[in-house]
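Undergrad: Quick one: sequence and predicted model below, then my questions.
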Amino acid sequence: MEIRRDDPTAPYVADLLAHHIEELRSVMAERAFALDATGLSAASVTFWTAWQDDVLLGFGALKELDHTHGEVKSMRAAPAARGTGVGRALLSHIIAEARRRGYVHLSLETGTAALHAPAISLYRSAGFVSCAPFADYEASPHNQFMRLDLTD
């Protein structure tokens, strides 16, 4: 598997990104905070794709909230790649980059629907713990917040 910095507006990303946003909105309604290609192209966001040969396996992003705090954004494995370790590889890559940047904390917002269970399990296995809302987020029955302390 190869993970590379990429362009979220690239045509080969469009279908998986549309699927990601549509699925989240179907269970989270107005509380789906997934970024579209424009949001993922912001200067504060770094976007990566994961590949096996010429097959897109998934994507993930890291948003800088400030010089000590990053946010995991838009983690998604392609449907055919679920359960293959692509999510873990992308998350490990994002965590390593956050450490390289010197962040103290890495946070994320995710949903509470059943479809989020595998992601929540992945985040907890990487050391993320529940936390209060951060940045501009507000708590709702549709979302939850997690944080990883990067100081160890």
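TA: On my side now, so go ahead. Remember, it's a predicted structure, so these values are computed and weren't measured experimentally.
Undergrad: roughly how far out does stretch 111-119 sit from the chain middle?
TA: Its chain's average C-alpha position is 13 Å from that of stretch 111-119, according to CA atoms, centre = their mean, to the nearest Å.
Undergrad: Show me what counts as buried in that stretch.
TA: G111, T112, H116, A119 (16 or more other CB atoms under 10 Å). Glycine gets a C-beta too; all of them are placed from N, C-alpha and C.
Undergrad: Check the gap between I120 and A135 for me.
TA: As for I120, its distance to A135 is 19 Å (criterion: CB to CB, to the nearest Å).
Undergrad: what do you get for T46?
TA: For T46, the distance to A135 equals 17 Å [CB to CB].
Undergrad: ditto for E23
TA: If you measure E23 against A135 using CB to CB, the figure is 23 Å.
Undergrad: Return the helix or strand in this protein with minimum mean pLDDT.
TA: Among the helical and strand segments of the chain, the one scoring lowest on mean pLDDT, DSSP states H and E is helix 11-28, with a mean of 83.
Undergrad: counting contacts, what elements does the next helix or strand after that helix pack onto?
TA: For helix 11-28, the following helix or strand on the C-terminal side (DSSP states H and E) is helix 37-40. In this structure, helix 37-40 makes packing contacts with helix 11-28, judged by 3 or more CB pairs under 8 Å, 6 or more residues apart in numbering; DSSP states H and E.
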